[in-house]
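Enquirer: Starting from these lines, generate the structure:
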Amino acid sequence: MDQHTVRAYDKDLDLLERRIAEMGGLAEKMVIDAMDALAAADTALAHQVVATDPRLDMLQREVEEQAVLTIARRQPVAIDLREIIGAIRVAGDLERVGDLAKNIAKRSVKIGLESRVPRAIVGIKHMNDFALELMKDVLDAYAQRDVERALDVWERDADLDALEDSVFRDLLTHMMEDPRNITFCAHLLFCSKNIERIGDHATNIAETVFYLVTGSTLPTDRPRGRRESDIEADAGGES
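Expert: This is a model prediction of the structure:
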């Protein structure tokens, strides 16, 4: 490519990077606000999270459109092409993180003033904090093209899975202790699954960073928490 084309291509990539950075900040804020809304029974904040989601969707569309235009105009190959494919992948994962935060916010609205179990919120918040750590670290890894940091996120996803198992058992205990806790804790079960999925999308981004930098893919089987058979054994091995 001549010098003018190189500068134009760099400008295209810079635009994609800025859109991804904006999406990352927006997605993280949605996750934080959704959990705050859930913990404080703040329906106004929950509605605000839901209202933010279209902005994230729009940014994803902008990334995809810009990426397609860049491929058409510059015809990139090798690492240059991986940069663009990586941006499309990361944008898709961040859009899904926003959807999951929106789901938690909607669940918070459904709960409303339902009888609450303050102790049950503690585990969910811990899970959410851990998922946010994964998100922050993997977005830093993407910005810095840091493979080692991305691999660390990929491996730590198993810890989030283990936390979900622990939260699941705690919520079941609360429900067995008092039937009045069942509705509230059932809502939290859905929230914990959404948080676990946020971790999965952080892991997806980690895999994208690895691909972007090395041109190779990570193993299909991700690190996992305890196997389902182990969990069933804790529950008494019911069939």
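
Enquirer: Where do the helices of the protein begin and end?
Expert: Remark: helices assigned in the chain by DSSP state H are 3-40, 43-74, 78-111, 118-144, 147-177, 182-214, 228-234.

Enquirer: avg pLDDT for the last one?
Expert: Here helix 228-234 scores 37 as its mean pLDDT.

Enquirer: Can I get the helices of the chain in TSV including mean neighbour count?
Expert: Quick note: C-beta positions are derived from backbone N, CA and C, even for glycine. Compiled in TSV, the helices of the chain are given as follows (neighbours: other Cβ atoms under 10 Å):
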stretch	mean neighbour count
helix 3-40	17
helix 43-74	16
helix 78-111	21
helix 118-144	19
helix 147-177	18
helix 182-214	21
helix 228-234	11
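
Enquirer: which of those has the lowest average pLDDT?
Expert: Looking at the helices of the chain, the bottom one is helix 228-234 with a mean of 37.

Enquirer: Can I get the helices of the chain in TSV including distance to D221?
Expert: Shown next, in TSV, are these (distance: least, Cβ to Cβ, whole Å):
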stretch	distance to D221
helix 3-40	26
helix 43-74	28
helix 78-111	19
helix 118-144	18
helix 147-177	11
helix 182-214	12
helix 228-234	15
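
Enquirer: Determine which residue lies closest to the centroid of the chain.
Expert: I198 (2.8 Å; Cα atoms, centre = their mean).

Enquirer: Tell me if I'm right that that residue and A131 touch.
Expert: Yes: in this structure, I198 is within contact of A131 by Cβ atoms under 8 Å, at 4.5 Å.

Enquirer: so what sits against both of the two?
Expert: Shared contacts of I198 and A131 (Cβ atoms under 8 Å, 6 or more residues apart in numbering): V31.

Enquirer: Tell me who's in contact with the nearest residue to A39 once chain neighbours are set aside.
Expert: In this structure, A39 finds its nearest non-sequential neighbour in I121, 5.4 Å apart by Cβ to Cβ, 6 or more residues apart in numbering. Going by Cβ under 8 Å, 6+ apart, I121 touches L38, A39, L188.

Enquirer: Next up, the contacts around the last one.
Expert: Listed by Cβ under 8 Å, 6+ apart, the contact partners of L188 are A120, I121, I124, V167, L171.

Enquirer: I'd like the distance between it and L16.
Expert: Note on L188: its distance to L16, by Cβ to Cβ, to the nearest Å, is 37 Å.

Enquirer: tell me which of the contacts of L188 is nearest to S192?
Expert: Nearest to S192 among the contacts of L188 is V167, at 4.8 Å by Cβ to Cβ.

Enquirer: Skip the chain neighbours and tell me the closest residue to that closest one.
Expert: G123 (4.2 Å).

Enquirer: Contacts only, for the one you found.
Expert: By Cβ under 8 Å, 6+ apart, the contact set of G123 is L163, S166, V167, D170, L171, S192.

Enquirer: Tell me which two of those sit farthest apart.
Expert: L163 and L171 (12.4 Å).

Enquirer: Off-centre distance for stretch 208-223?
Expert: Chain-centre distance of stretch 208-223: 17 Å, with Cα atoms, centre = their mean, to the nearest Å.

Enquirer: Stretch 177-190 now?
Expert: With Cα atoms, centre = their mean as the basis, stretch 177-190 stands 24 Å off its chain's centre.

Enquirer: Going forward, count from 888.
Expert: Taking 888 as the first residue, the last one we looked at is stretch 1064-1077.
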